[in-house]
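S.K.: sequence first, predicted coordinates after that:
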Amino acid sequence: MNLRSLGQFLATFLVLHGTALASSAEAEKRLQTAVDEVLSAANRAPTTAALATSLRPILLKSISFDAMTRRAVGPGWRQFTPDQKKKASQLFTTLIIRTYSSKFTPGEKPVITFKAATTPAPGRVEIPTVLTYQGSKYDVTYRMEDDGGWRITDVVIEGVSLVANYRSQFDAEFKKDGANAVIGALTQAEAAH
């Protein structure tokens with residue numbers, strides 16, 4: 001490699017590396033803003049039901065529920081009709097919001113420590129955190145993608161992916177009776193919360 005080629009390679013590397021760092025910084029800022037909004041809402045909510053209602057708009061703008069639902073369903077998603085996809089996304093969104101809000105105890109505030117983000121691929125960022133809540137510490141990694149704005153597409157808690165966890169459940173349902181079985185399982189799960 002001659003000096004000119006080396007110079008061009010280094011310039012390209014620096015531009016790409018700088019872009020990745022800027023992307024990571026944008027994603028981290030977006031996540032920190034969302035976390036601050038969630039903690040503020042949790043601090044004000046008198047009950048878990050009230051918290052779910054106040055968290056909904058925050059989570060809708062911070063999480064890509066369509067991408068999360070599609071990935072949680074897995075390959076069977078291609079066989080869903082447009083109406084089934086819409087229904088599954090709505091049910092999954094409500095399930096996640098209710099499940100998430102049920103983890104908070106009104107008046108108790110978790111402490112979240114952000115660690116350095118990584119960029120596993122262009123347009124994707126993983127942000128590890130340590131959540132300390134009620135005397136316990138949890139490693140939580142947020143997987144985010146830039147779909148016109150950084151949004152969460154998966155959450156990995158203590159090494160377990162939320163999307164992968166649901167995928168194993170939904171895959172079994174899909175193999176039983178297709179999309180209707182997945183929607184039925186989501187409907188039952190939503191009703192249970």
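M.R.: Arrived safely.

S.K.: show me what stretch 69-81 is in contact with.
M.R.: Stretch 69-81 is contacted by residues 85, 88-89, 92-93, 153-154, 162-163, 166-167, 170-171, 174, 178-179, 182 when judged by Cβ atoms under 8 Å, 6 or more residues apart in numbering. All C-beta atoms are positioned from the backbone trio N, CA, C, and that covers glycine.

S.K.: what is the end-to-end distance of it?
M.R.: Using Cα to Cα, to the nearest Å, one end of stretch 69-81 lies 14 Å from the other.

S.K.: thinking again about what came up before, buried subset of the contacts of stretch 69-81?
M.R.: 85, 88-89, 92-93, 153-154, 162-163, 166-167, 170-171, 174, 179, 182 (16 or more other Cβ atoms under 10 Å).

S.K.: tell me the least confident of these?
M.R.: pLDDT across these is lowest for residue 171, at 88.

S.K.: give me the number of residues near the residue lying closest to it once chain neighbours are set aside?
M.R.: Of all residues not flanking residue 171 in the chain, residue 74 sits nearest, at 5.6 Å (Cβ to Cβ, 6 or more residues apart in numbering). Using other Cβ atoms under 10 Å, the number of residues around residue 74 comes to 17.

S.K.: same question for the one 10 residues further on.
M.R.: Taking other Cβ under 10 Å as the neighbour definition, residue 84 ends up with a count of 17.

S.K.: give me the element it is part of.
M.R.: For residue 84, the host element (DSSP states H and E) is helix 82-102.

S.K.: what ranges do the helices span in the chain?
M.R.: Under the criterion DSSP state H, helices of the chain are mapped to 3-44, 48-62, 65-73, 82-102, 162-192.
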